[in-house]
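Asks: all I have is the shape, not the residue letters:
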């Protein structure tokens, strides 16, 4: 890609107009903002899976601690998003204040689950780092389930089907 050379840093890159929607310019920095917490959680879960896989079963405590920290960071990112309705991916990913509340509630419940399970996971017979990864990926699925998704023309909003 060639340009005039007006982009000097990442802020300039984020302010590049990609398209316009209803006369409002859509900038590069607006494309992935609503999905950022889910991306961080997904990538973090995969990194922790690799740490556990390569370092073995002795990493249960480390992976659990890092998983709780990842949930805290994801919650902070969720709360950092601007208030109101955020839409990306052509309207297929919508985050509003109620969805944000449910995501933060799920993150808190998952962190509490991991914290309460540390005693059980410290027993030699149950040292499985995969438990923390499963909790993270389940939380990711819950977070993605709180957004509006269109499947075959049917709107799936949480567990309610509307035609």
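Replies: Noted; the coordinates are in hand. No experiment lies behind these values; they were computed from the predicted model shown. Numbering: from 1, shown residues only.

Asks: what's in contact with the helix or strand harbouring residue 47?
Replies: Element membership of residue 47, judged by DSSP states H and E, is helix 36-55. Residues outside helix 36-55 that contact it (C-beta atoms under 8 Å, 6 or more residues apart in numbering) are 32, 59-60, 62-63, 66-67, 70-71, 73-75, 77-78, 81, 103, 129-130, 132-133, 136-137, 139-140, 143-144. C-beta: built from backbone N, CA, C; applies to glycine.

Asks: please repeat the previous calculation with a cut-off of 7 Å.
Replies: 59, 63, 66-67, 70, 73-74, 77-78, 129-130, 132-133, 136-137, 139-140, 143-144 (C-beta atoms under 7 Å, 6 or more residues apart in numbering).

Asks: quick one: name whatever helix or strand follows it.
Replies: Sequence-wise, the next helix or strand downstream of helix 36-55 (DSSP H and E) is helix 60-80.

Asks: gap between that following helix and the chain center?
Replies: Centroid separation for helix 60-80 versus its chain: 11 Å, with C-alpha atoms, centre = their mean, to the nearest Å.

Asks: hang on, the earlier thing: buried ones in the helix holding residue 47?
Replies: 37-38, 40-42, 44-45, 48-49, 52 (16 or more other C-beta atoms under 10 Å).

Asks: same check, this time on stretch 80-96
Replies: Neighbour-count burial for stretch 80-96 flags 81, 86-88, 93-96 (criterion: 16+ other C-beta under 10 Å).

Asks: tell me the one of those nearest residue 17?
Replies: Lowest distance from residue 17 to the buried residues of stretch 80-96 (C-beta to C-beta) belongs to residue 88, with 15.8 Å.
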